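[1] Sequence first, predicted coordinates after that:
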2 protein chains.
Amino acid sequence: MTLDRTDARRRDLAHPLREYRARFVAADADLVYLDGNSLGRLTHAARERVAQVVEQEWGERLIRSWGDGWFDAPLRLGDLLAPLIGAAPGQVAFADSTSVNLYKLALAALEHRAPRGTIVTDTLNFPSDVYVLDGAVRQRSGARLVVVPTDHDQVHADEDALLDAIDDDTALVALSHVAFKSGYRYDAARITAAAHEAGALVLWDLSHSVGAVEVALDAWGADLAIGCGYKYLNGGPGAPAFLYVREGLQSRLVPPIQGWFGQRDPFAFELRYEPADGIRRFVAGTPPVLSLLALEPGIELLREAGMATVEATARDLGTYLIDLVDHRLAPLGFRVASPRDPARRGSHVSVAHDDAYRISRALTAANVIPDFRAPDSIRLGIAPLYVGFEDLWIAVERLAAVVERGAHLDVPAERSVVT
Amino acid sequence: MTLDRTDARRRDLAHPLREYRARFVAADADLVYLDGNSLGRLTHAARERVAQVVEQEWGERLIRSWGDGWFDAPLRLGDLLAPLIGAAPGQVAFADSTSVNLYKLALAALEHRAPRGTIVTDTLNFPSDVYVLDGAVRQRSGARLVVVPTDHDQVHADEDALLDAIDDDTALVALSHVAFKSGYRYDAARITAAAHEAGALVLWDLSHSVGAVEVALDAWGADLAIGCGYKYLNGGPGAPAFLYVREGLQSRLVPPIQGWFGQRDPFAFELRYEPADGIRRFVAGTPPVLSLLALEPGIELLREAGMATVEATARDLGTYLIDLVDHRLAPLGFRVASPRDPARRGSHVSVAHDDAYRISRALTAANVIPDFRAPDSIRLGIAPLYVGFEDLWIAVERLAAVVERGAHLDVPAERSVVT
């Protein structure tokens, strides 16, 4: 098999989602965008939807739009998303940010499982989730956060070590379903079952899973989940996050942030807080409507494509990319820093290199956008709705060219604040 | 003096902000919009700004826009807002929602002033603020919320009763600067000084003040403030909220929601949380960029107009509206339910009527948009950038006509969920 451009083009002819590429705005045809795991691309439909929200709903209908659909949007979009994450209706809402949702659910879980006082997570989780969990346990005297060191090879989680850390004081196990750096994908059903066996609740952060891999919250028996809208959902920068609370648990959890959007009858203006029934009680503040409604077309597009096809295509693309890395980049000092087994991998492939930061900057200058994750990972995100085999081929050739001609050596080694 | 339409038009010729009306989108010239205190109108500049953010910044620049300005936007917009609320730079940030900001600051204040454990508020405050404060004290064993009943006449706060409730266990006094229902405006300098005398911190909710009346946080000696972006700031539906923390207090408060946007170096991906210096530590999650940047033109417009002119114009309009109510509506069963002294009133005038709900619905059908606040208030919001004397005259005439011809009697008495 020759891994040349002709071969890549031939593969694209059989790309099951090739028709979807035209649904995205692509002003620069030369750009290879492999950062959909940080910020998904703009769809034509989202551009039109935002203009409609601004011009008609805000500009003309004004306050009447709250009754016309804005007020119901957090739950309506939650139900729209639900099948993409294997959830029956009535269990998902868009609300606030991932951090705020994690905080709310973690504290509610601690309260529900008291006197248990431990939250278990691991070192492959988002640092931002660890910060929030650390802040959450700080609110409960005696509570503590255990961060299990499972990143022995910086790629795969040690699920056994993780399970060993769960004991009869564990109130909550909170993990990222797909790890942000290596892309390791957990055996969520197994971990959920084991945590339940020990009497703990389980929360999955789906930020790197939703819209990327198949997720089956109800089938796993998951209790809680959160995730963001701006990665593979293509919801736009800082799009609101979502949360999932298993139906049987909803009435037994009281969110610590008693926001008016979660009040039973917010427009009665009663001074006493009474949480709404169902998933609405977990929505805190007024949703940022422009950003919220921009999410809708991205969710619809994924529903149309189907997660089974999205995942299958992403696996093929990922395996192809790993082949390219092995053949073309390994001789240049790169190594694959993601699981090779697609069942254990999300939808990005990380490649590690000692000079990864400078290489990632030079690659961006060469019109391929990856992202850098300290200390040594370049993440190549595969969003199969708009990424094809030839894109990956071009990206790898440009990456090789950067290193071969030393283009990265001109980049300052000092990392900028935002990268 | 004859309060007729000719007189109203003559007044509009001298309206100091009459040139600003054209800066707003007004598709329906017949509509009188008196609900800028719930959702401000769309400016042409905001419409253009959102299109630019979507098409260029998201669509073309993609992830690079975080470095181009998105990452700094919460603090940059905070500094842009600062002079409108009497704050020196470096003390204001846009972040999350009003409810989430109140929660963060209230808990941080409780922690800072421990072993004091009481938060004092009053019954004129937003119910939503009371819910959040109630949830916050629930997180601290022994903490409690005192809601002082100061709405003896449903219009004016009893500031003396409020001050009597502050004692040596009070950690925080949290109030709305302008009450959402009657529009009562507190003597913020007096209350802040008295609370400080008793050793308590003071938080002002500026949701009904910002962009409406003059606010002088630094001069008052305020410790904390929050406020929303979607009312008089014209920032769009659910626009992100802002928060203010007095400079000297910033390093001594640790927010309970340890979000990655408040981390010292979020892109280092260290597992240990270390709060950023300054106001950034109080920003929790990723901001909803479309909604955040839509705020900028509205703030700029108010800076251009100047808050002294905005407040002076709103006072004249409010006094005129009260005259109209007295002359035209009092005989029909309405009474003024806002302070008559403009120094004690925000930028809306509430009128009470036993059948207020149905009348407010019939008024909307007559193309005048007020809002209804249970049980008996119709709020008429005066945003002087786009509301003139003739608008108020028309609104009162249509209100009178509704009652005179009994148009409201056809409206079902059952309140809809969203109103």
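    Thanks, I have it.
[2] how about whichever residue of the stretch 151-300 of chain A sits closest to chain B, what does it touch?
    Nearest to chain B in the stretch 151-300 of chain A, going by Cβ to the nearest Cβ, is residue A:285, at a distance of 2.4 Å. Placement of C-beta: from N, CA and C, glycine included. By Cβ atoms under 8 Å, 6 or more residues apart in numbering or on different chains, the contact list for residue A:285 reads A:96, A:259-261, B:96-100, B:241.
[3] Can you say which two of those residues are spatially most distant?
    Across the contacts of residue A:285, the longest distance by Cβ to Cβ is 14.1 Å; it joins A:260 and B:96.
[4] Compare those two (neighbour count), which wins?
    A count of neighbours by other Cβ atoms under 10 Å in any protein chain shown puts residue B:96 above the other of residue A:260 and residue B:96, at 34 against 23.
[5] biggest helix in chain A, by residue count?
    Criterion DSSP state H: the longest helix present in chain A is helix A:307-324.
[6] Please identify the buried residues of that one?
    Buried residues in helix A:307-324, counted by 16 or more other Cβ atoms under 10 Å in any protein chain shown: A:307, A:310-318, A:320-322, A:324.
[7] how about the nearest residue to the residue of the stretch 151-300 of chain A closest to chain B, chain neighbours excluded?
    Counting by Cβ to Cβ, 6 or more residues apart in numbering or on different chains, the nearest residue to residue A:285 once its immediate chain neighbours are dropped is residue B:97, at 2.4 Å.
[8] State the number of residues packed around residue A:76.
    Neighbour tally, residue A:76, other Cβ under 10 Å: 15.
[9] Per-residue pLDDT of the spatially closest residue to it that is not a sequence neighbour, please?
    Excluding its sequence neighbours, the residue lying closest to residue A:76 (Cβ to Cβ, 6+ apart) is residue A:69, at 7.5 Å. According to the prediction, residue A:69 has pLDDT 96.
[10] Residue A:7 too?
    Here the pLDDT value assigned to residue A:7 is 98.
[11] I'd assumed it was in a helix, is it?
    Yes. Checked against DSSP: H, G, I helix; E, B strand; the rest coil, residue A:7 lies within a helix.
[12] low pLDDT regions in chain A?
    Along chain A, segments meeting pLDDT under 70 span A:1, A:417-419.
[13] For the closest residue to residue A:114 other than its chain neighbours, give me phi and psi.
    Computed as Cβ to Cβ, 6+ apart, the closest residue to residue A:114 that is not its neighbour in sequence is residue A:171, at 7.3 Å. The phi and psi values for residue A:171, taken as degrees, to the nearest 10, are phi -90, psi -40.
[14] same check, this time on residue A:74
    phi -60, psi -40.
[15] dump the residue contacts of the residue in the stretch 1-150 of chain A that chain B sits nearest to.
    As assessed by Cβ to the nearest Cβ, chain B sits closest to residue A:97 within the stretch 1-150 of chain A, at 2.4 Å. Contacts for residue A:97 (Cβ under 8 Å, 6+ apart) come out as A:228, A:238, A:240-241, B:96, B:259, B:284-286.
[16] where does the stretch 51-200 of chain A come near chain B, residue by residue?
    Within reach of chain B by Cβ under 8 Å from any Cβ of the partner chain, the stretch 51-200 of chain A has these residues: A:51, A:54-55, A:57-60, A:62-67, A:70-71, A:96-100, A:103, A:107, A:123, A:126-128, A:130-132, A:134-136, A:138-139, A:141, A:147, A:181.
[17] Without its sequence neighbours, what residue ends up closest to the residue nearest in space to the middle of chain A?
    With distances taken as Cα atoms, centre = their mean, residue A:207 lies nearest the centre of chain A, 1.7 Å away. Spatial nearest neighbour of residue A:207, chain neighbours left out: residue A:228 (4.5 Å); criterion: Cβ to Cβ, 6+ apart.
[18] thought the one you found was touching residue A:237?
    No. Residue A:228 is beyond contact range of residue A:237, at 10.9 Å (criterion: Cβ atoms under 8 Å).
[19] okay, those two: which has more neighbours?
    The residue with more neighbours, out of residue A:228 and residue A:237, is residue A:237; 27 against 24, by other Cβ under 10 Å.
[20] Helix, strand, or coil at the more buried one?
    Under three-state DSSP, the three-state class of residue A:237 is coil.
[21] Enumerate every residue touching it.
    So residue A:237 contacts A:39, A:230, B:57-58, B:65-66, B:70, B:288-290 (Cβ under 8 Å, 6+ apart).
[22] re earlier: could you pull up phi and psi at the residue of the stretch 1-150 of chain A closest to chain B?
    When quoted as degrees, to the nearest 10, the phi and psi of residue A:97 stand at phi -120, psi 170.
[23] if I look at it, how far off is residue A:411?
    Here residue A:97 is placed at a distance of 32 Å from residue A:411 (Cβ to Cβ, to the nearest Å).
[24] same check, this time on residue A:49
    In terms of Cβ to Cβ, residue A:49 sits 38 Å off from residue A:411.
[25] Which residue of these two possesses the greater neighbour count?
    Legend: neighbour count by other Cβ under 10 Å for residue A:49 and residue A:411, higher for residue A:49 (21 against 17).
[26] Find the nearest non-adjacent residue to the more buried one, please.
    Closest residue in space to residue A:49, ignoring its immediate chain neighbours: residue A:297 at 5.4 Å, by Cβ to Cβ, 6+ apart.
[27] Next, count neighbours for the one you found.
    By other Cβ under 10 Å, the residues close to residue A:297 number 22.
[28] wait, it sits on residue A:45?
    Yes. Residue A:297 lies in contact with residue A:45 (Cβ under 8 Å); the separation is 3.5 Å.
[29] which residues in the stretch 201-350 of chain A form strands?
    A:201-205, A:224-227, A:242-245, A:335-336, A:348-352 (DSSP state E, counting those that start in this stretch).
[30] Does anything pack onto the second one? Which helices or strands?
    If I follow you right, that is strand A:224-227. Secondary-structure packing of strand A:224-227 (3 or more Cβ pairs under 8 Å, 6 or more residues apart in numbering or on different chains; DSSP states H and E): helix A:98-112, strand A:201-205, strand A:242-245.
[31] And the shortest one, by the same measure?
    Counting by 3+ Cβ pairs under 8 Å, 6+ apart, the packing neighbours recorded for strand A:335-336 are strand A:348-352.
[32] Tell me which helix or strand comes right after the strand it packs on.
    Sequence-wise, the next helix or strand downstream of strand A:348-352 (DSSP states H and E) is helix A:356-365.
[33] Pull the residues that contact that following helix.
    Applying Cβ under 8 Å, 6+ apart, the contact partners of helix A:356-365 are A:353, A:369-372, A:374-378, A:395, A:398-399, A:402-403, A:407-413, A:415, A:419, B:64.
[34] Would you mind listing which of those are buried?
    Looks like those have A:353, A:369-372, A:374, A:376-378, A:395, A:398-399, A:402-403, A:407-408, A:411, A:415, A:419 buried, using 16+ other Cβ under 10 Å.
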